[in-house]
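**Q** Quick one: sequence and predicted model below, then my questions.
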Amino acid sequence: MTSSSASATTPALWVFCLCAEWCGTCREYQPLFNQLAIDMPQARFVWVDVEAHDDLLQDLDIENFPTLLLADAQHQVRFAGTVLPHGDTLQRMCKAALAGNLPRVPDAEWQAVLPGLLTLSSN
């Protein structure tokens, strides 16, 4: 797990990338993810290895990578799912979430894993 943030204040957006160390696509995506973390200091970006932290994922079964979870400052999930591994896709999603243009994800399973993932961001 790697965490990147330019600010110690409470972020306006949490961006979790759920990946696996063995995944080539994830390894190629990580530098783009890390660069966006630098470019968007108002958000906290956290890279999560699903195998190292499978206990935090509860009943979620992550089968495709990269899988993202975006949550707002009030810890409400705004996106959860697989995306194409392109930096511009993630950037557009983050901007939409920051602008309040992503509706709350009503899936209780995703909301249930968020508290555990938030503990990783402080490491």
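**A** Received, thanks. Numbers count the residues shown, from 1 in each chain.
**Q** alpha carbons only for contacts and neighbour counts from here, please
**A** OK.
**Q** Residue 47 in helix, strand or coil?
**A** Taking DSSP: H, G, I helix; E, B strand; the rest coil as the rule, one finds residue 47 in the strand state.
**Q** Then residue 70?
**A** Under three-state DSSP, the three-state class of residue 70 is strand.
**Q** Show me the contact partners of stretch 54-72.
**A** Judged by C-alpha atoms under 8 Å, 6 or more residues apart in numbering, the contacts made with stretch 54-72 from elsewhere in the structure are 12-20, 23, 25-26, 29, 50, 77-85, 94, 97-98, 109-110, 113, 116-117.
**Q** hmm, try it at 6 Å
**A** Residues outside stretch 54-72 that contact it (C-alpha atoms under 6 Å, 6 or more residues apart in numbering): 13-19, 77-82, 113, 116.
**Q** Reduced to three states, what does the most centrally placed residue in the chain come out as?
**A** Compute the mean C-alpha point of the chain, and by C-alpha atoms, centre = their mean the closest residue is residue 16, 1.5 Å away. Here residue 16 is recorded as strand under three-state DSSP.
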